[in-house]
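In: Sharing a model prediction with you, sequence too.
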Number of protein chains: 4
Amino acid sequence: MTAATVNSKSEGFNPEDFDVPSNYRHWVGDRAENYLGPFFFYMDGMHPRTALRVVNHHCNAHDSVHGGILMALADYTLCLGANGGESESVVTVSCSNEFTAPAFLGDLIEGRAQVIKRGGSMVFVRCELLVGETVVLMSSAVIKRLRK
Amino acid sequence: MTAATVNSKSEGFNPEDFDVPSNYRHWVGDRAENYLGPFFFYMDGMHPRTALRVVNHHCNAHDSVHGGILMALADYTLCLGANGGESESVVTVSCSNEFTAPAFLGDLIEGRAQVIKRGGSMVFVRCELLVGETVVLMSSAVIKRLRK
Amino acid sequence: MTAATVNSKSEGFNPEDFDVPSNYRHWVGDRAENYLGPFFFYMDGMHPRTALRVVNHHCNAHDSVHGGILMALADYTLCLGANGGESESVVTVSCSNEFTAPAFLGDLIEGRAQVIKRGGSMVFVRCELLVGETVVLMSSAVIKRLRK
Amino acid sequence: MTAATVNSKSEGFNPEDFDVPSNYRHWVGDRAENYLGPFFFYMDGMHPRTALRVVNHHCNAHDSVHGGILMALADYTLCLGANGGESESVVTVSCSNEFTAPAFLGDLIEGRAQVIKRGGSMVFVRCELLVGETVVLMSSAVIKRLRK
């Protein structure tokens, strides 16, 4: 995740157009995240909450969500933990994932991250993705801050 | 990755249409992989070789490839290691990733997996993704075989 | 971690002899854990709490605790999450660790695990190790149950 | 792993006293590694080779090696990859492990690491531990160099 130079409103997506609750908002400036998701988030203090409504192109032949989509949403969630939802650029160093349950077509997947340590150059974060009360992925990461 | 019931030719993508060398072929039946990539592969004995040509929607604002795309390609590569390129359905249990270098717009990313152990129910695989000689991601996974 | 056939009292260690609070107790029957630690635990419902008092042989030349000791304590903590503190034998399949801060000679390291999913054959657990309020290691694991 | 100020010969262990082949040598100055193992190594160019002869205190009740011992040996192997067998101090940031097969009492476990990238501040390494031709653990790590 890298912040766009201009965090312009015109690029932004409306969560309700993607069947995601209106308290979430769109991080502007990452083409891949728009394409992969689009993903949405809000900050609960230091801790990000994220969301994705599962559609056809997130799924395999059995209508379950591809592991790559889940890890991409986890990475988005973890990086928001690292930069606190601000425009600071960060880069993932390592990301470890355990797939605890499947998610399916039509599900709303919600992510929540917990920042364990935020150092000057490295941030340690973990998160889980849930469908309702069921954890579908648990994830942890080391993320580097790219401060000037 | 789950195999389509009908691995029909009509769904297949031609690698050269995506600027990927013609010795690679398309795994048919996973909508997410078609959307995320499309990804391509061939088998070098038991060991898969995979490829993705990076285009705009794989990248963030700095034209570097999103970590989620890299982990999705790694997952594809690892699962092909687990099912040997055959139609056996497999599901990723855990996947650990280290991001060793960035990949950029226009790059051809190639993956190669090494099956460390293929048990009756679980397969242990690791892979690396490369741009030329540079490793951009190293990854390892535990994958479950879904045999009837 | 595998349960001893006879979970005999005579083998047990007294936590206070190792400067560990008396509400912890000793898991009997694993020679390596006795040697590595000894480690101690109690169950907070389904969630284990564990402890180790750091002595000389846990440390390197700078009196900080070796990463291998921390990962061994994490593995002990995670496996207790998987077997619920009972005598069921379990075996670690994968274990991922992030080292968030150092621990030092004389510290009391405490572990706490959270069972994310306990399936019939596999358990997903994560834990953190702390010195006071500081997390020194975060860890997650896939653990296999060895039921007859 | 941190280098001792004085890498004195008097502290060194003789591999043959621990039933380890004589081409391996002892890294002096880490009390925990002496206690956990002792572990031995030699450098094959940039790539470390390590060894441990399994004795009683490395094992659980079933005479199989504790996961913590395996991860400690992996950490030792990975750190030697990061510092190239020299006295440079390094510290593990993250370490991911998959347990592919058990090792038993009396086995000689041998480790071999491969340095994937050695940057100015961070090193990416992976390794496997083997008993004969069987991989018992595969592991990967991000390691920080502590240069003055």
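Out: Sure, I can see it. Residues are numbered from 1 along each chain as shown, chains lettered A, B, ... in the order given.
In: Could you count how many residues lie near the closest residue in space to residue A:27 that isn't next to it in sequence?
Out: Spatial nearest neighbour of residue A:27, chain neighbours left out: residue A:41 (6.2 Å); criterion: CB to CB, 6 or more residues apart in numbering or on different chains. Where C-beta positions appear, they are placed from N, C-alpha and C, glycine not excepted. Neighbour count of residue A:41, defined by other CB atoms under 10 Å in any protein chain shown: 21.
In: what do you get for residue A:22?
Out: By the measure other CB under 10 Å, the count of residues near residue A:22 is 9.
In: between the longest helix anywhere in chain A and helix B:67-83, how big is the angle?
Out: Ordering each helix of chain A by length in residues (DSSP state H) puts helix A:67-83 first. Going by axes from the mean of the first three to the mean of the last three CA atoms, to 10 degrees, helix A:67-83 is angled at 140 degrees with respect to helix B:67-83.
In: what is the orientation angle of the helix or strand following helix A:67-83 with helix B:67-83?
Out: Under the assignment DSSP states H and E, the closest C-terminal helix or strand after helix A:67-83 is strand A:90-99. Angle of strand A:90-99 versus helix B:67-83, following the same axes, to 10 degrees, is 40 degrees.
In: How about strand A:90-99 and chain D, touching?
Out: Yes - using CB under 8 Å from any CB of the partner chain, strand A:90-99 reaches chain D at A:93-94, A:96.
In: ok, which stretches of chain A are helices?
Out: Taking DSSP H to define them, one finds helices in chain A at A:31-36, A:67-83.
In: what bridges to residue A:124?
Out: Beta-bridge pairing of residue A:124 under DSSP bridges involves residue A:117, residue A:142.
In: List the residues that contact it.
Out: Residues in contact with residue A:124 (CB atoms under 8 Å, 6 or more residues apart in numbering or on different chains) are A:115-118, A:140-143, C:98, C:100, C:135, C:138.
In: 7 Å instead?
Out: A:116-117, A:142, C:98, C:100, C:138 (CB atoms under 7 Å, 6 or more residues apart in numbering or on different chains).
In: Next one, pLDDT for the residue nearest to residue A:27 please.
Out: According to the prediction, residue A:41 has pLDDT 96.
In: wait, isn't it in contact with residue A:48?
Out: Yes - Residue A:41 is within contact range of residue A:48, at 5.3 Å (criterion: CB atoms under 7 Å).
In: Write out the residues of chain A neighbouring chain C.
Out: Residues of chain A found near chain C (CB under 7 Å from any CB of the partner chain) are A:96, A:98, A:100-101, A:116-117, A:124, A:126, A:135, A:138, A:140, A:142.
In: I'd like those as CSV, with distance to residue D:81 appended.
Out: As requested, these are exported to CSV (distance: CB to CB, whole Å):
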residue, distance to residue D:81
A:96, 19
A:98, 26
A:100, 32
A:101, 36
A:116, 26
A:117, 25
A:124, 22
A:126, 26
A:135, 34
A:138, 28
A:140, 22
A:142, 18
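In: of all those, which two lie farthest apart?
Out: A:101 and A:117 (28.1 Å; CB to CB).
In: any chance of the helices of chain A in CSV, plus mean pLDDT and mean neighbour count?
Out: Putting those into CSV (pLDDT from 0 to 100; neighbours: other CB atoms under 10 Å in any protein chain shown) gives the following:
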stretch, mean pLDDT, mean neighbour count
helix A:31-36, 93, 22
helix A:67-83, 96, 28
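In: Can you check which of these gets nearest to residue D:71?
Out: Nearest to residue D:71, of all those, is helix A:67-83, at 23.4 Å by CB to CB.
In: Stretch A:82-99 near chain B anywhere?
Out: Yes - counting by CB under 7 Å from any CB, chain B is contacted by stretch A:82-99 at A:92-99.
In: Which residues are in contact with the closest residue to chain D within chain A?
Out: Residue nearest to chain D within chain A (CB to the nearest CB): residue A:94, separated by 4.6 Å. The contact partners of residue A:94, by CB under 7 Å, 6+ apart, come to A:141-142, B:97-98, D:94, D:142.
In: ditto for residue A:38
Out: A:13, A:18, A:26.
In: burial count for whatever residue of chain A ends up closest to chain C?
Out: Nearest residue of chain A to chain C (CB to the nearest CB) works out as residue A:96 at 3.8 Å. Neighbour count of residue A:96, defined by other CB under 10 Å: 30.
In: For residue C:71, see how far away the closest residue to it other than its chain neighbours is.
Out: Among residues not flanking residue A:96 along the chain, residue C:96 sits closest, at 3.8 Å (CB to CB, 6+ apart). Taking CB to CB, to the nearest Å as the measure, residue C:96 falls 10 Å from residue C:71.
In: What residues does chain A have near chain B?
Out: By CB under 7 Å from any CB, the residues of chain A that approach chain B are A:1-2, A:4, A:29-33, A:35-36, A:56-62, A:66-69, A:71-72, A:75, A:92-99.
In: Check the gap between residue A:76 and residue B:38 for me.
Out: Separation of residue A:76 from residue B:38 (CB to CB) stands at 22 Å.
In: hmm, back to that, would the longest helix of chain A count as contacting chain D?
Out: No - against chain D, helix A:67-83 shows no contacts by CB under 7 Å from any CB, the least distance being 12.9 Å.
In: before we move on, the earlier item: with distance to residue C:85 added, can I get the helices of chain A in a markdown table?
Out: Formatted as a markdown table, the helices of chain A follow (distance: least, CB to CB, whole Å):
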| stretch | distance to residue C:85 |
| --- | --- |
| helix A:31-36 | 41 |
| helix A:67-83 | 30 |
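In: What count of nearby residues applies to the residue lying closest to residue A:146 once chain neighbours are set aside?
Out: Closest residue to residue A:146 apart from its sequence neighbours, by CB to CB, 6+ apart: residue A:89 at 4.3 Å. Residue A:89 has 19 neighbours, counted by other CB under 10 Å.
In: Was I right to think residue A:89 contacts residue A:147?
Out: No - using CB under 7 Å, residue A:89 is not in contact with residue A:147; the gap is 8.3 Å.
In: wait, doesn't residue A:129 sit right on residue A:75?
Out: No - with contact defined as CB under 7 Å, residue A:129 does not count as touching residue A:75 (11.0 Å).
In: okay, and the common contacts of those two?
Out: In contact with both residue A:129 and residue A:75: no residue, using CB under 7 Å, 6+ apart.
In: Show me which residues of chain A sit near chain D.
Out: So chain A meets chain D at A:93-94, A:96, A:142 (CB under 7 Å from any CB).
In: Quick check: which ranges of chain A have low pLDDT?
Out: A:1-11, A:148 (pLDDT under 70).
In: Any idea how many residues pack against residue A:106?
Out: 13.
In: distance of it from residue B:92?
Out: Taking CB to CB, one finds residue A:106 at 22 Å from residue B:92.
In: For the nearest residue to residue A:32 once chain neighbours are set aside, give me its contacts.
Out: Counting by CB to CB, 6+ apart, the nearest residue to residue A:32 once its immediate chain neighbours are dropped is residue B:66, at 3.4 Å. By CB under 7 Å, 6+ apart, the contact list for residue B:66 reads A:30, A:32-33, A:72, B:58-60.
In: Distance to residue A:80 added to those residues, as a markdown table?
Out: Converted to a markdown table, the contacts of residue B:66 look like this (distance: CB to CB, whole Å):
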| residue | distance to residue A:80 |
| --- | --- |
| A:30 | 11 |
| A:32 | 15 |
| A:33 | 11 |
| A:72 | 13 |
| B:58 | 20 |
| B:59 | 19 |
| B:60 | 14 |
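In: Just flag the most distant two among those.
Out: A:72 and B:59 (13.2 Å).
In: quick one: residue A:49 and residue B:111, what's the gap?
Out: 33 Å.
In: One more: residue A:124?
Out: From residue A:124 over to residue B:111 (counting by CB to CB), the distance is 28 Å.
In: now do residue A:85
Out: In terms of CB to CB, residue A:85 sits 33 Å off from residue B:111.
In: which of these two has more neighbours?
Out: Higher neighbour count among residue A:85 and residue B:111: residue B:111, with 27 against 18, using other CB under 10 Å.
In: mind listing what that one touches?
Out: With CB under 7 Å, 6+ apart, residue B:111 has these contacts: B:49-50, B:73-74, B:77, B:127, B:129.
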